[in-house]
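Chemist: return a 3D structure for these sequence lines:
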Amino acid sequence: GLTARRLALRYTSIAFGALQVFVLAIFDPLAGILLAFQSRQVKFTSLILLESLPSLLSTLTMLFYLRHDAGKKTFSKWLLLSSIMLGITAAAKYVYAIVGIAIVIDQIWNDRRNFFPTLIWGMLALAVFFLFDPYLWNDTFMRLNASLLYHFNYAAQQTQEPAWQPLLTLTLSLVAHPSAYFFRADEAIALFALFGFKKTYQQNRAVVIWFALALIFLLIWQTKWQHYILL
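Modeler: Got it, this is the predicted structure:
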């Protein structure tokens, strides 16, 4: 009955969260290990929420993009995969498409004179987004406008938390339900991240741009639910 359905939904969410850890570990084993023990990542990919799937898809969007050779002037298979993942990410939850803005900035940064790969990448992502969001197939602009307005109106009502709440959420471990975690080390992970920013910027600038855009958005956005930190 209802309990079995809820359990199935939770296992589905957990599967997406575990897959995200796995694909990140392929790219960087230490990053995958740290993500697996980040307390809010563990909690909010184990509940019946929307975060698990778009979090995975946005990660794939970035990881596929990072496999693309920025020195190439052509549209590679990695850009193709990144574009497809971005479209599905946006269809899953709009706000996670911030990763796409970061990639556009990085592409333009790499080559300001060649907009062809960026243009094709963006057009394909929009097409995939439309394909994977059947709600928009009828009255597209009206429904898109209504859904965007809903999010803005909802956010306007959520003003209880201070603007800097995302910084606390990102750097402090959850204290509730201690038995649910093998161990919690969010503070150490945040500290490691501070020391790793320079090297990450030198090797994978798009990741730092992605982080900065997401954090700026969370600081500005009035809704401060803790699961938003997965962005």
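Chemist: test my guess that residue 64 contacts residue 86.
Modeler: No - Residue 64 is beyond contact range of residue 86, at 9.2 Å (criterion: CB atoms under 8 Å). No exception for glycine: its C-beta is placed from N, CA and C like everyone else's.
Chemist: between the two, point out the one with more neighbours.
Modeler: Each of residue 64 and residue 86 has its neighbours counted (other CB atoms under 10 Å); residue 86 has more, 29 against 22.
Chemist: phi and psi next, for that one.
Modeler: Taking degrees, to the nearest 10, you get phi -60, psi -40 for the backbone angles of residue 86.
Chemist: now do the same contact list for it.
Modeler: 57, 58, 61, 97, 99, 100, 103, 125, 128, 129 (CB atoms under 8 Å, 6 or more residues apart in numbering).
Chemist: what packs against the longest helix that the chain contains?
Modeler: In the chain, with assignment by DSSP state H, the single longest helix is helix 2-27. Contact analysis of helix 2-27 by 3 or more CB pairs under 8 Å, 6 or more residues apart in numbering; DSSP states H and E lists helix 29-37, helix 52-67 as its packing neighbours.
Chemist: closest to residue 180 out of those?
Modeler: Each of the helices and strands packed on helix 2-27 has some distance to residue 180 by CB to CB; the shortest is helix 29-37, at 12.3 Å.
Chemist: show the subsequent helix or strand relative to that closest one.
Modeler: Per DSSP states H and E, the first helix or strand lying C-terminal to helix 29-37 is helix 39-44.
Chemist: contacts for that following helix?
Modeler: Under CB under 8 Å, 6+ apart, the answer for helix 39-44 is 17, 35-36, 51-52, 169, 173-174, 180-181, 184, 186, 226-227, 229-230.
Chemist: Three-state assignment for residue 218, please.
Modeler: Assigned by DSSP: H, G, I helix; E, B strand; the rest coil, the conformation of residue 218 is helix.
Chemist: what is the neighbour count of the residue lying closest to it once chain neighbours are set aside?
Modeler: Closest residue to residue 218 apart from its sequence neighbours, by CB to CB, 6 or more residues apart in numbering: residue 166 at 3.9 Å. Other residues near residue 166 come to 23 when the count uses other CB under 10 Å.
Chemist: what comes up buried for whatever helix or strand residue 166 lives in?
Modeler: Here residue 166, judged by DSSP H and E, is contained in helix 165-171. Within helix 165-171, the residues scored as buried using 16 or more other CB atoms under 10 Å are 165, 166, 169, 170, 171.
Chemist: lowest-pLDDT helix or strand in the chain?
Modeler: Lowest by mean pLDDT, DSSP states H and E among the helices and strands of the chain is helix 140-156, with a mean of 81.
Chemist: can you list the low-confidence ranges for the chain?
Modeler: 1-2, 70-73, 155-159, 178-179 (pLDDT under 70).
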